[in-house]
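Asker: This is a predicted model, with the sequence first.
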Protein chains: 2
Amino acid sequence: MKIIEGGVTAAKGFEAAVCEANIKYKDRTDMAMVFSKAPCVTAGTFTSNVVKAACVLWDKEIVESGKPLHGVVVNSGIANACTGQEGFDACEETAKAVEKNLNVPFISMAVASTGVIGMQLPVDKLVAGVKKMCTTLDSSLEAGTEASKAIMTTDTVNKEIAVQFEVGGKTITLGGMSKGSGMIHPNMCTMLGFLTTDLDIKKHLLQEALSEVVADTFNMISVDGDTSTNDTLLLMANGLANNDTIDEKNEDYETFKAALFEVCQYLAKKMAADGEGATKLFTAHVVNAKTKEEAKKLSRSIISSSLSKAAIYGCDANFGRFLCAMGYSGVDFDQNKVELFFQSKAGELQVFKYGVPLAFDEEYATKLMSEDEVIVFVDMHDGKEEATAWGCDLTYDYVKINADYRS
Amino acid sequence: MKIIEGGVTAAKGFEAAVCEANIKYKDRTDMAMVFSKAPCVTAGTFTSNVVKAACVLWDKEIVESGKPLHGVVVNSGIANACTGQEGFDACEETAKAVEKNLNVPFISMAVASTGVIGMQLPVDKLVAGVKKMCTTLDSSLEAGTEASKAIMTTDTVNKEIAVQFEVGGKTITLGGMSKGSGMIHPNMCTMLGFLTTDLDIKKHLLQEALSEVVADTFNMISVDGDTSTNDTLLLMANGLANNDTIDEKNEDYETFKAALFEVCQYLAKKMAADGEGATKLFTAHVVNAKTKEEAKKLSRSIISSSLSKAAIYGCDANFGRFLCAMGYSGVDFDQNKVELFFQSKAGELQVFKYGVPLAFDEEYATKLMSEDEVIVFVDMHDGKEEATAWGCDLTYDYVKINADYRS
């Protein structure tokens, strides 16, 4: 497997387009479209939030129906959540605008939204945007990059990646894009993410691979503990690579799953590092836990704690906060077995061993914690399972961004 | 029942003292002691965090043994958590210093600590402090107030209250003090709290009343989602009011429980409003929920959400965040039945009705949300149960306080 240039348009047969629809943002693109003339088998994961956005309900219905997809229309600025029947109608109108312009069934088009909750979408602007984008669809890598920019809200960088690998002598391409960066605390998947591949694979295997990979990637990040109403991750496979259809869990399936893992992990880490107001990536790596589930709970609790996140921001090796967060994670453990280290490019520092704090050089600790990524490494000495979770620091800017997001 | 002056020394037979032990803070009191010559039946609730501070283990053992208590020694600055055997020994040394000076069994003395986790206590300073305090115990109301100041960490105001009520023709006094103000997300009780009364009551009824009241007061507040390693609430009753011993759940018991509720609710709300960096009290009141448990989950989820807290800080009526927080609370509900209002001293404003956002005057919303207390009032139209939770806004100062708390 190798990483190549590009994102959602890297795989054969996928095109993208963007436009300035002026939905809420001014002077920037705020709509994107990803399209494949060849129909795609599609897998999806969606928010576990009880309050689901209209577009999530729309996409879930389509993905679960098993019908092929041709693409997705995305807007940033307004989330289309808490909008009742009018919100659901807006999804249908958007999809119907694609049907009208490109002659594909409207139920083959997914829609996705991100932005303010509790505001209605301006349907006329959406429909006009779709019309414009249908005439400018483009398979260039640049078109994919532009799409990854149009879906940004408070993100500071766009997020895309593409990889290639071999299946039965055929070169398969898998690409994707995603956006964060607040209301990020996945409990299914989080955020908006769109993955495209020219692989030929059965739908149930595509879904199984995606669900498994999401559990260890997107579901292991958190920016602020808030599970969004709009979380949507779609993976579309149009089969244009002409490989023998993957219809069982053979070596080809594993090759694909490994590539999918790399892509999802890359995008998930990018999202965590670009959390609202974040200055660094905050990683928790828990090893030798009793069960995988416990390793996950412990690592997620560490990176989700406001106090731990503030300490990471302040480059303060206040390790008690990390132990405290482990203590309320719901996992029962004996602190007398635990070892805790800080790690970064600058080195490693052990601060806690078997229930007792260790003396350490504060200056070295600060230096170590001033790097772009700080890892809290915890050895539970209680089993053989491990997990990694990714978050970011809590900064003034997080508060600033969110104290008046709507205006 | 009436509110009177004072705190932990308001009830008959309770004395307090403070001193500057220089444990970590300079030029301020950092130790306090509450003492009753008459032995007290005692109820307590403690943190549910798996990583329990040494003093929590010490107090749990004493309270659960059923032996009478004479008082508690408290220090601020260092939490005595994650400190192994040495930390537990520090508790014993502190209690033994009281035995030596006041001739009460050392196992009749509770100890409590609050401050940095993962640092050892300077036992010599503690013992010297106890010696000094044993000679300056004082039953004046001022002594109680001084104690409530000595236990503060990042609190900006001290927190105490006292009430009086009648039981069988006798006047009963109940007083208390508590401190916040970070690492506040109770899952038993939170923080340090000490309540004293001259009521004569059986221990099991004292514990039952306390546990029930805590569930609706201290367990319904959150500052930052972090359940501390040190949460301790002790209620000591020395019986000096000479009422007929309360030994069943009669009218007197209910009178006492109502007074206890008032005291705990007062202290809990004070703690929430004085959360680290907070500028206002943020209350969620959920009515007509299916069950009490669901009403609690919904209201707690609202006041715990970082995004909701930031919106409250920014006086931004971004109600979608509150619905979003309800959606991931673990409660299943239909948003089409929900109504949501903002309330404050300045008035009331409905923003969401039966699944649909309502148009509203932004200027009025901002004015309404600029008050000292902002209430999010939610009608679920799904049953008859209700609950209230208290939190605070998320501000720059929370980050500032916690980015480098240790130094």
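Answerer: Right, received. Where do you want to start?

Asker: Name the SS class of A:Ala389, please.
Answerer: strand (DSSP: H, G, I helix; E, B strand; the rest coil).

Asker: any idea how far the residue nearest to it when sequence neighbours are not counted lies from A:Glu386?
Answerer: Residue nearest to A:Ala389 in three dimensions, not counting chain neighbours: A:Ser299, with 3.8 Å by CB to CB, 6 or more residues apart in numbering or on different chains. All C-beta atoms are positioned from the backbone trio N, CA, C, and that covers glycine. In this structure, A:Ser299 and A:Glu386 are separated by 9 Å, where distance is defined by CB to CB, to the nearest Å.

Asker: try A:Ser301
Answerer: From A:Ser301 to A:Glu386 the distance is 15 Å (CB to CB).

Asker: In terms of packing, which of the two has more residues around it?
Answerer: More neighbours surround A:Ser301 than the other of A:Ser301 and A:Glu386, with 24 against 17 (other CB atoms under 10 Å in any protein chain shown).

Asker: Wait, a helix at that one?
Answerer: Yes. Counting by three-state DSSP, A:Ser301 falls inside a helix.

Asker: quick one: secondary structure of the residue nearest to it when sequence neighbours are not counted?
Answerer: With sequence-adjacent residues excluded and distances taken as CB to CB, 6+ apart, A:Ser301 is closest to A:Ser329, at 3.5 Å. For A:Ser329, the assignment made with three-state DSSP gives coil.

Asker: List the neighbouring strands of the longest strand along chain A plus their orientation.
Answerer: Longest strand in chain A by number of residues (criterion: DSSP state E): strand A:31-46. Neighbouring strands of strand A:31-46 in its sheet, by DSSP bridges, are strand A:14-19 (antiparallel), strand A:69-78 (antiparallel), strand A:232-237 (antiparallel).

Asker: Hmm, A:Asp332 is touching B:Lys52, no?
Answerer: No. A:Asp332 is beyond contact range of B:Lys52, at 12.0 Å (criterion: CB atoms under 8 Å).

Asker: Which elements pack onto the lowest-mean-pLDDT helix or strand in chain A?
Answerer: Between all helices and strands in chain A, the lowest mean by mean pLDDT, DSSP states H and E belongs to helix A:396-403, at a mean of 84. Contacts defined by 3 or more CB pairs under 8 Å, 6 or more residues apart in numbering or on different chains; DSSP states H and E place helix A:396-403 against helix B:306-313, helix B:396-403.

Asker: Export the first one to CSV, keeping only CA atoms.
Answerer: Looking back up the chat, that one is helix B:306-313. Coordinates of each C-alpha in helix B:306-313 appear next as CSV, following Å, rounded to 0.1, in the frame of the first residue of the first chain:
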residue,chain,number,x,y,z
SER,B,306,-18.8,22.2,26.6
LEU,B,307,-20.6,23.7,23.7
SER,B,308,-23.7,24.5,25.7
LYS,B,309,-21.5,26.0,28.4
ALA,B,310,-19.6,28.2,25.9
ALA,B,311,-22.9,29.4,24.4
ILE,B,312,-24.1,30.4,27.9
TYR,B,313,-20.8,32.3,28.3
